[in-house]
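Visitor: After the sequence you'll find the predicted model.
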Amino acid sequence: MNWNWSVIIESLPRLFEGALLSLELVAISVLVGGILSIPLALMRLSSNAYVSTPTLAFTFFFRGTPLLVQLFLFYYGLAQFDAVRESFLWPYLKEAYWCALIVFTLNTCAYTTEIMRGAIQAVPSGEIEAAEAIGMSKITLLRRITLPLAYRIALPAYSNEIILMLKGSALASTITLLDLTGMARTIIARTYMPVEIFFAAGCIYLLLTFLFIQVYRLIEQRMLRHLRQESAAG
Amino acid sequence: MLDLQGFGGQFALGALMTLKVAAGGLVLGLILGLIGAVLKLSKSRIAYAIGAGYTTVIRGLPELLVVLIIYFGSAGMLTRIASLFGYQDYVELSPLAAGIIALGIAFGAYATEVFRGAIQAIPKGQIEAAKACGMSRLQVFFRIVLPQAWRIAIPGLGNLFQVLLKDTSLISVVGLEEIMRKSQIAISNTKEPFTFYFAAAMIYLTITIIVMLAQRRAEQWASRGMRGRDQ
């Protein structure tokens, strides 16, 4: 095997440039999707069927279909409708960047909604009853008891979702974006060295996942520090 | 209702191809997952390192990248290997083979963790009892551990299979004529992207629902020996 290191070193700056776009897409979509998921999880748990059913349909669609279909449906599909092409949103919707961002956000939001729903349901009912007994209003109870407990329960599962999103962001390359995978494919089209370039791109993905897991562990330790002290004392 | 303009038959063929890749990936992935779990539970450090390396690397790579590496990367390597045996032509994997291998490898990495958890959940006493009866290590594995580990592993494997089904769409990128590729072909004729991608989405949803129902049946079947409704 004649392995070509020089081609890897030459393409590294551009691969990092792609990695930056990947990170940007993931960071924005996870942030916005995460914020949106909280009201959606509450709606999903609502006893009113008019509120919970649309949320269920939303999460079912985005979790039941491949991310690639969702991307193509938005990027290529929406152009089929004249109403969309004439609307004020079209300058954004025709851009691959915005399409990827919107689809990634909706996708991660659907998964996070289900994670949050599970977490909210896992909040011990005794804590909620105690808060009710003290006379907290529904909103205070949500703000002080349910949500702080729920997001701590959700934290471990949420890290998996973020890693899946990082890996899913590779699909941005299929709608012409030059993310890490897209950049790798462009370089390969020029150099025709698939093994070396994919190896380099793969290493960068592994590095990103590794760094993310380390940072997340620190965040988790800080957020769950009350639990650690408890177990140390007991 | 969606007007597929005569492409319904093509869609059915595409769905069949999707199921074929998914089934192939599942079989390969289950084998790799079992091997991986045995490696990771092994006392040998080298075996553990191989198992842990496999799961860490593959779970950190995007599935699309795995598909691209297997499809484009294997051609160069296979051609080199073939030339060692005196075969001079260019050798490459078909998109179907590349897809099954790529998805099988990805599924196997996650299945390794599911199987590992399931095998560890089997009470030590049973294994000791089997050894006391004089069973060899292989016999213990196939007669005692595996039949019970299945039951514990099925919910996890079912979820992984749903992920696998959705990942089959990635193989359209290397030209396999499954649902996504068929929709692209239909769209290049009809210029109605939304209609056909939406139809594709509906097919995936239908398959997902069927798999969910099958999973429930499989769980019931696997725990038929258990009393009570939980476990």
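Guide: Arrived safely, thanks for sending. Numbers count the residues shown, from 1 in each chain, chains lettered A, B, ... in the order given.
Visitor: which parts of chain B sit against chain A?
Guide: Counting by CB under 8 Å from any CB of the partner chain, chain B comes close to chain A at B:56-57, B:60-65, B:68-69, B:72-73, B:76-77, B:80, B:166-170, B:172-173, B:180, B:183, B:187, B:191-195, B:197-198, B:200-201, B:204-205, B:208-209. C-betas here are computed from N, CA, C, even on glycine.
Visitor: Now residue 195: closest residue in space that isn't a chain neighbour?
Guide: The chain I'm using is chain A. B:G73 (4.6 Å; CB to CB, 6 or more residues apart in numbering or on different chains).
Visitor: wrong one, I was asking about chain B
Guide: B:L2 (5.8 Å).
Visitor: Around residue 82, how many other residues sit close by?
Guide: Defaulting to chain A. By other CB atoms under 10 Å in any protein chain shown, the residues close to A:D82 number 8.
Visitor: could you do chain B instead?
Guide: A total of 14 residues lie near B:A82 under the criterion other CB under 10 Å.
Visitor: Count residues in the vicinity of B:P155, would you?
Guide: 16.
Visitor: For it, pull up the helix or strand it's in.
Guide: Assigned by DSSP states H and E, B:P155 belongs to helix B:146-167.
Visitor: And the contacts of that helix?
Guide: For helix B:146-167, contacts defined as CB atoms under 8 Å, 6 or more residues apart in numbering or on different chains pick out A:65-67, B:18, B:22, B:25-26, B:29-30, B:63, B:103, B:106-107, B:110-111, B:114-115, B:117-119, B:121-122, B:126, B:204, B:207-208, B:211-212, B:215, B:218-219, B:222-223, B:226.
Visitor: Have a look at chain B and report its longest helix.
Guide: Taking DSSP state H as the criterion, chain B has its longest helix at helix B:8-41.
Visitor: same for that helix, what does it pack against?
Guide: Helix B:8-41 is packed against helix B:45-60, helix B:95-120, helix B:146-167, helix B:179-190, helix B:193-222, with contacts defined by 3 or more CB pairs under 8 Å, 6 or more residues apart in numbering or on different chains; DSSP states H and E.
Visitor: B:G51: what's its closest spatial neighbour, skipping adjacent residues?
Guide: The nearest residue in space to B:G51 (CB to CB, 6+ apart) is B:L39, at 3.2 Å.
Visitor: Go through the helix holding B:P155 and flag the buried ones.
Guide: Going by neighbour count (16 or more other CB atoms under 10 Å in any protein chain shown), the buried part of helix B:146-167 is B:146, B:148-149, B:151-158, B:160-162, B:164-167.
Visitor: Tell me which stretches of chain A form helices.
Guide: A:5-44, A:49-64, A:67-72, A:82-86, A:90-93, A:96-122, A:125-134, A:138-141, A:147-168, A:180-191, A:194-223, A:225-233.
Visitor: Pick the most buried one from these.
Guide: helix A:67-72 (a mean of 26; mean count of other CB atoms under 10 Å in any protein chain shown).
Visitor: which other helices and strands contact that helix?
Guide: helix A:96-122, helix B:179-190, helix B:193-222.
Visitor: rerun at 6 Å
Guide: Other elements packing on helix A:67-72 under the criterion 3 or more CB pairs under 6 Å, 6 or more residues apart in numbering or on different chains; DSSP states H and E are helix A:96-122, helix B:193-222.
Visitor: comparing those, which gets the lowest mean pLDDT score?
Guide: Lowest mean pLDDT within these: helix B:193-222, at a mean of 91.
Visitor: hey, which helix or strand in chain A has the poorest pLDDT?
Guide: The least trusted helix or strand in chain A, going by mean pLDDT, DSSP states H and E, turns out to be helix A:225-233, with a mean of 63.
Visitor: Quick one: mean pLDDT over stretch A:40-53.
Guide: For stretch A:40-53, mean pLDDT is 94.
Visitor: circling back to that earlier point, could you dump the helices and strands packed on helix A:67-72 to JSON lines with distance to B:A97?
Guide: Formatted as JSON lines, the helices and strands packed on helix A:67-72 follow (distance: least, CB to CB, whole Å):
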{"stretch": "helix A:96-122", "distance to B:A97": "29"}
{"stretch": "helix B:193-222", "distance to B:A97": "22"}
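Visitor: Quick check: buried residues in the longest helix of chain B?
Guide: Using 16+ other CB under 10 Å as the test for burial, helix B:8-41 gives B:10-11, B:14-15, B:17-18, B:20-22, B:24-26, B:28-30, B:32-40.
Visitor: of all the residues in chain A, which ones are close to chain B?
Guide: Residues of chain A lying near chain B by CB under 6 Å from any CB of the partner chain: A:64-66, A:68-69, A:72-73, A:76-77, A:80, A:167, A:170-171, A:181, A:194-195, A:198, A:202, A:205-206, A:209.
Visitor: so what's B:Y54 up against?
Guide: Under the criterion of CB atoms under 6 Å, 6 or more residues apart in numbering or on different chains, the contact list for B:Y54 reads B:G36.
Visitor: Quick one: classify B:M135 as helix, strand or coil.
Guide: When classified by DSSP: H, G, I helix; E, B strand; the rest coil, B:M135 comes out as coil.
Visitor: Hmm, B:F198 and B:S183 touching each other?
Guide: No. Using CB atoms under 6 Å as the test, B:S183 is too far from B:F198 to be in contact (9.2 Å).
Visitor: of these two, who's got more company?
Guide: B:S183 (31 against 18).
Visitor: Just the pLDDT for the more buried one.
Guide: Per-residue confidence (pLDDT) for B:S183: 92.
Visitor: what's the distance between it and A:E95?
Guide: Separation of B:S183 from A:E95 (CB to CB, to the nearest Å) stands at 23 Å.
Visitor: Quick check, pLDDT for B:L84.
Guide: We have a pLDDT of 83 for B:L84.
Visitor: any idea how far it is from chain A?
Guide: 11 Å (CB to the nearest CB, to the nearest Å).
Visitor: looking at the helices of chain A, which one has the lowest mean pLDDT?
Guide: helix A:225-233 (a mean of 63).
Visitor: show me the contacts for residue 22.
Guide: Unless you meant another one, I'm taking chain A. Contacts of A:S22 (CB under 6 Å, 6+ apart): A:S169, A:D179, A:L180.
Visitor: Chain B was what I was after
Guide: Going by CB under 6 Å, 6+ apart, B:A22 touches B:L164, B:L165, B:T168.
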